[in-house]
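Colleague: need a 3D model of the sequence below.
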Amino acid sequence: MCTAALSDLADALQEKVSVLDLEVNRSGPTFTIDTINQLRMIYPRDSFTIILGSDAAAKFDQWYRADALKNIVDVLVVKRPGANKSTFPEIEINAIDVSATQVRDAIVKRADLAPLLSPSVRKYIKENGLYGSK
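Modeller: As a prediction, this is how the structure comes out:
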């Protein structure tokens, strides 16, 4: 789905983004801290920032090894309109006010996804049967 979303970006921005399959190739549960540690081995000179939406940021302290994760990454929150202030640095962008939960609910209800997702992401979700879509 990330690769599909990248196709909606300007060419100049696409060149600056890499999509890796680290998590899908890992057996068992996938935790963000494991992914970051793996990335730190691949890119030892780089620092990492996790970019979250407001909903995910509100539950960050419930994540597996959240305190340890906060010690090795920066967290940046893309603030959704109307969301409560986060404890992390925030940015606001010109985006639609939609959460992943809303997308999943719309798919379950077979509602129109056009107001929620870009065409390429809608197509990818449908073609791959994600979230129970058909």
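Colleague: ok, the most far-flung residue of the chain relative to its centre to Val17 distance?
Modeller: Computed with CA atoms, centre = their mean, the residue of the chain farthest from its C-alpha average is Arg45, at 23.3 Å. Distance of Arg45 to Val17, computed by CB to CB, to the nearest Å: 19 Å. All C-beta spots, glycine's among them, are computed from the backbone N, C-alpha and C.
Colleague: repeat that for Ala57.
Modeller: Relative to Val17, Ala57 is positioned 21 Å away (CB to CB).
Colleague: dump the residue contacts of the residue nearest to the spatial centre of the chain.
Modeller: By CA atoms, centre = their mean, the mean C-alpha position of the chain lies nearest to Leu52, the distance being 6.4 Å. Residues in contact with Leu52 (CB atoms under 8 Å, 6 or more residues apart in numbering) are 60, 75-78, 88.
Colleague: thinking again about what came up before, neighbour count: Ala57 and Val17, which is higher?
Modeller: A direct count of neighbours by other CB atoms under 10 Å for Ala57 and Val17 places Ala57 higher, at 24 against 11.
Colleague: show me what counts as buried in stretch 56-65.
Modeller: Using 16 or more other CB atoms under 10 Å as the test for burial, stretch 56-65 gives 56-57, 60, 63.
Colleague: ok, which pair from those is furthest apart?
Modeller: Ala57 and Trp63 (10.4 Å; CB to CB).
Colleague: where in the chain is pLDDT low?
Modeller: Scanning the chain for pLDDT under 70 picks out the ranges 1-6, 133-134.
Colleague: max-length helix in the protein?
Modeller: Of all the segments assigned as helix in the chain under DSSP state H, the longest by residue count is helix 32-42.
Colleague: who are the packing partners of it?
Modeller: Judged by 3 or more CB pairs under 8 Å, 6 or more residues apart in numbering; DSSP states H and E, helix 32-42 is in contact with helix 66-72.
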